[in-house]
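Visitor: Here is my input; please provide its structure:
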Amino acid sequence: MVNIMKLKGKIVERGMNVGQLAEKMGIDRATLYRRINNNGDSFTIREANQICEILDLSKEEAIAIFFKNEVA
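Guide: All right, here's what the predicted structure looks like:
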């Protein structure tokens, strides 16, 4: 599961919104919103890599966002 709150925070921190990120990724804004609203469960590896590159995420930031630990 993706840490959506951290992802949204990084988008804003980089001076963007979800629509701008989607445009840079080359996907429809509605598609990215749908993936985010689905807790990121449907992000592909390619999309996660694109997000990391576009937002210039460090390795630690990427891990914190895309590899959210959950304790059951």
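Visitor: Enumerate every residue touching the residue lying closest to residue 54 once chain neighbours are set aside.
Guide: Computed as CB to CB, 6 or more residues apart in numbering, the closest residue to residue 54 that is not its neighbour in sequence is residue 24, at 5.0 Å. Every residue, glycine included, has its C-beta placed from N, CA and C. Counting by CB atoms under 8 Å, 6 or more residues apart in numbering, residue 24 touches 16, 50, 54.
Visitor: Residue 24: which element?
Guide: When elements are assigned from DSSP states H and E, residue 24 belongs to helix 18-25.
Visitor: What is the subsequent helix or strand relative to that helix?
Guide: Next element after helix 18-25 (DSSP H and E): helix 29-37.
Visitor: Any buried residues in that following helix, and which?
Guide: 32, 35, 36 (16 or more other CB atoms under 10 Å).
Visitor: Output the contacting helices and strands for that helix.
Guide: Judged by 3 or more CB pairs under 8 Å, 6 or more residues apart in numbering; DSSP states H and E, helix 29-37 is in contact with helix 4-13, helix 18-25.
Visitor: hmm, 7 Å instead?
Guide: Judged by 3 or more CB pairs under 7 Å, 6 or more residues apart in numbering; DSSP states H and E, helix 29-37 is in contact with helix 18-25.
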